[in-house]
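Undergrad: sharing a model prediction with you, sequence too.
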Amino acid sequence: MASPESAVNGPTMTAGAASKSLRNAFGGVIAFIILVLIGVLAFSIRLFSVIKYESVIHEFDPYFNYRVTQFLSKNGIYDFWNWFDDRTWYPLGRVIGGTVYPGLTLTAGTIWKVVNSLNIPLSVETVCVFTAPIFSAFASWAAYLLTKEVKGPGAGLTAAALLAMVPSYISRSVAGSYDNEAVAIFALVFTFYLYIKTLNTGSLFYATLNALAYFYMVCSWGGYTFIINLIPMHVLLCIVTGRYSSRLYIAYAPLVVLGTLLASLVPVVGFNAVLTSEHFASFLFLILVDRQCHLSSSYYLLVQVFIIIHVVALAYYIKGILSPKMFKVAVTLVVSVGLAVCCAVIAILIAVVASSPTKGWSGRSLTLLDPTYASKYIPIIASVSEHQPPTWPSYFMDINVLAFLVPAGIIACFMPLTDSSSFVILYIVTSVYFSGVMVRLMLVLAPAACILSGIALSEAFNVLTRSIKFQLPGIAGNPSIAEENGSSTVVAPNDIPKTEEAAKEKPAKKNRKKEKENVEKKPTPSKTEKRLLVLPLEASVIAVLLLVLLGAFYVVHCVWAAAEAYSAPSIVLTSHSNDGGLHVFDDFREAYSWLSHNTDVDDKVASWWDYGYQTTAMANRTVLVDNNTWNNTHIATVGTAMSSPEKQAWEIFHSLDVKYVLVVFGGVVGYPSDDINKFLWMVRIGGGVFPHIKEPDYLVSFSNLRMLTSQTYLFACLYPKRDGQYRIDAQATPTMLNCLMYKLSYFRFVETDGKGFDRVRRTEIGKKHFKLTHFEEVFTTHHWMVRIYKLKPQRNRIRGKTKKSKSSRSVSSKRDVRGKRNPWH
Amino acid sequence: MGRSSTVKETQALFQSLRSAYAATPNNLKIIDVYVGFAVLTAVIQVVYMAVVGSFPFNSFLSGVLSCIGTAVLAVCLRIQVNKDNKEFKDVAPERAFADFILCNLVLHLVIMNFMG
């Protein structure tokens, strides 16, 4: 960390050199201890959910990853690569090996195998639950390494401490949140660190490591496209601002080649690393014409910058071997030829690009550029709450104090501007833009914000502690300091500025380091710039105290967010009763265990796609649709069934071999994320594929309301797109009151309190006493949160038809034929 | 008039290029020949794909990228071994060569796996 100083220090006395190396060693030990403590902090702040509830896997997606890891640990890696899962998306099935990002499951599986081979008996579930906290500790250390490359060890330690606690990262990596981002953020920061390290040292060894870290990132998360777009942009920025160097070439060119190959190795990415999925027949015209082959947009950028950097490298090489006059001739020649070629190419390109409709961009990437695209065209993407744009308060909730330390960090990066600090600036700017489009991408913003805030805080502490140091009177062993009592202009000759800078950077972050500095410090530097940076003593002391207070507020907020906001496992709910006791709602697991104990192994369960992963993982039953949402038509079928009357729904489910239907209902306890609240999305998605389901049929239009109040007029003005109100009370539309979702949710609901008052919608329900004709209720959980129904078998005898067929045969035969042709009408 | 002067200037340019290049040491010239050969192989593969079609695509990708990859890595080696490069003064040529070997190993391991 500090070796050049001792070499420079040669001419001074050996005692000074010895104390210098001792101080460096001491600083190194302190830094190591602080890093260990940061790792422990990152791990333990994520354990709130384990302490408050139990060591259980949260949410929905982690259950799928857990099931895949179970399979991997039981059957080994070859069966895992070739696994075709027939327990989900019945009757289509899903190719797990080719559609899952294997990084997370392979990591956890490896950890489980290693730990068990050392005879430490950890179960797969325990390993899965605690993978995320462990990798968040690694991510903090990676942030330390990255910021150390950009600014120095002091900034590195601050950035690591900030990243260990930032709420945005905690929300996706608590103990139990076994999701891709847990590992991917570590891979992201580590890849960036290796890229910056290669850029700073120009070593091909680090370039190889960079490519391998990028491979790990591609294995882990779909967000790898962020890396493969950011790095070419940075290279382009460096070239354009005149910072081209051969280290840039070594950092970029091998990464392009190795990165493309390694990304194509992962089955779920495959050729999508290079092309989009349409057709890759005429790959030959990839440079000029994008029409036939649809080169994926990120790869386009990569290849173009690859070509540009080769051109620039060649230009610099020729400039190096030619005399300046000859080089000028060469430049004019090349420019004139190049201009002619460029005009021709641009003309062709404009003609081609104008003729293709979306220019080869897929739906999700179009969303990122035009935030309103998804809500207009793709209901499934729009219905996920994580894909909505964030609100302003969510920035303060998720990155808190860092939100206004980031601009200070950006300014600090400009003094001086190096390759690595320009990279960090580009990273923060792009991640701020993307986080503004989708809440989920605030997770990518968090490391950038921590790095820049770490830089800002470290620089601030630098300036303030230096000011204090210059002005503290009578420091032992330092006569030149005594000379500058109270004055802020100091010039001390015969000093080596380098040693002073190194001494200041390391301990500049904590207040109590000041005393150690005062005891061991060297004479003041002689540069005039340092003179101008000295502030008055009282102001510096107060400023240091205020910064420490700011950090304290940040810590308090992070701990609160981790404990209260982000530690809910969402499979177990709690509420506090009036006398302070805790009431636990464990209905989901109750329902899944009922399913696994009381149904056959091959029974199919139909529910909305939210619960698919949990049903396959915990109840071990085949489901129709799950959270992967890869087949919109299948989901629309289930949505149509839920929106149709009983008979049609029964026919749809019977055609798919479904035996049980599962609905989630929160009206008894006030659980707001139940299926009735999600019902409009079922209607919209179903209506997107089957046109006989129309959303206005389920909404009460304003002209039909018997009682129009001023509130409804206001509602109509605020939400002009909504033609009506979504109601389930007595004024609901007949389509709504007859649909399967209403009936399955509110069957026998009136028996709970006599009036049928729905606690979530806050009204009494419309139809209270009704019977189910095609379904029978088999299980309702303790708090009525999950209700399971069984499809009644077909009747053996059709009543009433036999009489009519004798009198009017033609009518009945027509009816039968019609029935056979279209069972859903 | 201007035409002939530009022609003369171009000729002078190419001559100075040639003489400057002839002054480079032999080991760098060997690396340059190797780079040229790798790029030529890649071009031959692309022409073959244009004639025959791009199926199987992974073989084509791995073939072309292995050629381009060795070319790029050789250029990196040349940058690090070139004595005129002041940035890499303290990197021993053996270290540069060892890095080159390592990177090539990783590249060809991936190629072998991907070729199918």
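TA: Arrived safely, thanks for sending.

Undergrad: surely A:Tyr725 and A:Pro696 touch.
TA: In this structure residue A:725 is Gln, not Tyr. No: at 11.3 Å, A:Gln725 and A:Pro696 do not qualify as touching, with contact defined as C-beta atoms under 8 Å. Where C-beta positions appear, they are placed from N, C-alpha and C, glycine not excepted.

Undergrad: tell me which of those two has more neighbours.
TA: Here A:Gln725 and A:Pro696 are set side by side on neighbour count (other C-beta atoms under 10 Å in any protein chain shown), and the busier one is A:Gln725, at 17 against 14.

Undergrad: ok, now how distant is the more buried one from A:Tyr742?
TA: Counting by C-beta to C-beta, to the nearest Å, the gap between A:Gln725 and A:Tyr742 amounts to 16 Å.

Undergrad: which residues of chain B fall in helices?
TA: Taking DSSP state H as the test, the helices found in chain B are B:2-22, B:26-52, B:57-81, B:93-115.

Undergrad: got those helices as JSON lines, with distance to chain A, mean neighbour count and mean pLDDT columns?
TA: Formatted as JSON lines, those follow (distance: least, C-beta to the nearest C-beta, whole Å; neighbours: other C-beta atoms under 10 Å in any protein chain shown; pLDDT from 0 to 100):
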{"stretch": "helix B:2-22", "distance to chain A": "4", "mean neighbour count": "12", "mean pLDDT": "77"}
{"stretch": "helix B:26-52", "distance to chain A": "5", "mean neighbour count": "14", "mean pLDDT": "92"}
{"stretch": "helix B:57-81", "distance to chain A": "4", "mean neighbour count": "22", "mean pLDDT": "91"}
{"stretch": "helix B:93-115", "distance to chain A": "4", "mean neighbour count": "16", "mean pLDDT": "92"}
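
Undergrad: Throw these into JSON lines and include distance to A:Ile30, thanks.
TA: As requested, the helices of chain B are exported to JSON lines (distance: least, C-beta to C-beta, whole Å):
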{"stretch": "helix B:2-22", "distance to A:Ile30": "53"}
{"stretch": "helix B:26-52", "distance to A:Ile30": "46"}
{"stretch": "helix B:57-81", "distance to A:Ile30": "36"}
{"stretch": "helix B:93-115", "distance to A:Ile30": "32"}
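
Undergrad: output the below-cut-off pLDDT ranges for chain A.
TA: Within chain A, the set of residues satisfying pLDDT under 70 comprises A:1-13, A:276-297, A:352-386, A:473-533, A:702-723, A:800-825.

Undergrad: which residues touch the residue most central in space within chain B?
TA: Most central in chain B under C-alpha atoms, centre = their mean is B:Val35, positioned 3.0 Å from the mean C-alpha point. When the contact criterion is C-beta atoms under 8 Å, 6 or more residues apart in numbering or on different chains, the partners of B:Val35 are B:Ala71, B:Ala74, B:Val75, B:Arg78.

Undergrad: could you do A:Lys678 as well?
TA: A:Lys678 is in contact with A:Trp608, A:Asp610, counting by C-beta under 8 Å, 6+ apart.

Undergrad: before we move on, what about A:Lys197?
TA: If you count contacts by C-beta under 8 Å, 6+ apart, then A:Lys197 has A:Leu145, A:Glu149, A:Ser203, A:Tyr206, A:Asn210 around it.

Undergrad: tell me the first helix or strand C-terminal of the host helix or strand of A:Tyr742.
TA: For A:Tyr742, the enclosing helix or strand under DSSP states H and E is helix A:740-746. From helix A:740-746 onward toward the C-terminus, using DSSP H and E, the following helix or strand is helix A:750-753.

Undergrad: now do that following helix: everything it contacts.
TA: Residues lying outside helix A:750-753 but in contact with it, judged by C-beta under 8 Å, 6+ apart, are A:Val668, A:Gly756, A:Ile765, A:Lys768, A:His769, A:Trp784.

Undergrad: out of those residues, who's the most crowded?
TA: That'd be A:Ile765 among these, by other C-beta under 10 Å, with 22 neighbours.

Undergrad: looks like it contacts A:Ile728 (just checking).
TA: Yes: in this structure, A:Ile765 is within contact of A:Ile728 by C-beta under 8 Å, at 5.8 Å.

Undergrad: in this structure B:Pro93 contacts B:Val81, no?
TA: Yes: with contact defined as C-beta under 8 Å, B:Pro93 counts as touching B:Val81 (4.9 Å).

Undergrad: which one of the contacts of helix A:750-753 is nearest to chain B?
TA: The shortest distance between chain B and any of those, using C-beta to the nearest C-beta, involves A:Trp784 and amounts to 53.9 Å.

Undergrad: so that closest one, which of the three states?
TA: A:Trp784 carries the three-state label coil when classified by DSSP: H, G, I helix; E, B strand; the rest coil.

Undergrad: so how far is B:Cys67 from the residue nearest to it when sequence neighbours are not counted?
TA: In space, and not counting its chain neighbours, A:Trp784 is closest to A:Val668: 4.0 Å by C-beta to C-beta, 6 or more residues apart in numbering or on different chains. Relative to B:Cys67, A:Val668 is positioned 68 Å away (C-beta to C-beta).

Undergrad: repeat for B:Tyr34
TA: Relative to B:Cys67, B:Tyr34 is positioned 11 Å away (C-beta to C-beta).

Undergrad: looks to me like A:Val778 is in a strand.
TA: Yes: the assignment for A:Val778 is a strand, going by three-state DSSP.

Undergrad: please name the residues that touch it.
TA: Residues in contact with A:Val778 (C-beta under 8 Å, 6+ apart) are A:Asn598, A:Tyr660, A:Ile788, A:Tyr789, A:Lys790.

Undergrad: mark which of the residues you listed are part of strands, please.
TA: Counting by DSSP state E, the contacts of A:Val778 place A:Tyr660, A:Ile788, A:Tyr789, A:Lys790 in strands.

Undergrad: I'd like these as TSV, with neighbour count and distance to chain B appended.
TA: As requested, the ones in strands among the contacts of A:Val778 are exported to TSV (neighbours: other C-beta atoms under 10 Å in any protein chain shown; distance: C-beta to the nearest C-beta, whole Å):
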residue	neighbour count	distance to chain B
A:Tyr660	23	43
A:Ile788	23	47
A:Tyr789	22	48
A:Lys790	16	48
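
Undergrad: need those residues in TSV with distance to A:Lys328, can you?
TA: Conversion of those to TSV gives the following (distance: C-beta to C-beta, whole Å):
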residue	distance to A:Lys328
A:Tyr660	81
A:Ile788	82
A:Tyr789	84
A:Lys790	86
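
Undergrad: contact residues of the stretch 201-350 of chain A facing chain B?
TA: By the rule C-beta under 8 Å from any C-beta of the partner chain, the part of the stretch 201-350 of chain A lying against chain B is A:202-205, A:207-208, A:211-212, A:245-247, A:249-250, A:253-254, A:256-258, A:260-262, A:264-265, A:271, A:274, A:280-284, A:313, A:318, A:320-323, A:326, A:329-330, A:333.

Undergrad: show the buried residues in those.
TA: With burial judged by 16 or more other C-beta atoms under 10 Å in any protein chain shown, the buried subset of these is A:202-205, A:207-208, A:211-212, A:245-247, A:249-250, A:253-254, A:256-258, A:260-262, A:264-265, A:274, A:280, A:283-284, A:313, A:318, A:321-322, A:326, A:329-330.

Undergrad: which non-adjacent residue is nearest whichever residue of the stretch 301-450 of chain A sits closest to chain B?
TA: In the stretch 301-450 of chain A, the residue that lies nearest chain B is A:Ile321 (4.0 Å; C-beta to the nearest C-beta). The spatially closest residue to A:Ile321, leaving aside those adjacent along the chain, is B:Ala20, at 4.0 Å (C-beta to C-beta, 6+ apart).

Undergrad: would you check how far apart that neighbour and A:Ala315 are?
TA: As it turns out, when the distance is counted by C-beta to C-beta, B:Ala20 lies 15 Å from A:Ala315.

Undergrad: how close does A:Met682 get to A:Asn631?
TA: Going from A:Met682 to A:Asn631 by C-beta to C-beta gives 15 Å.
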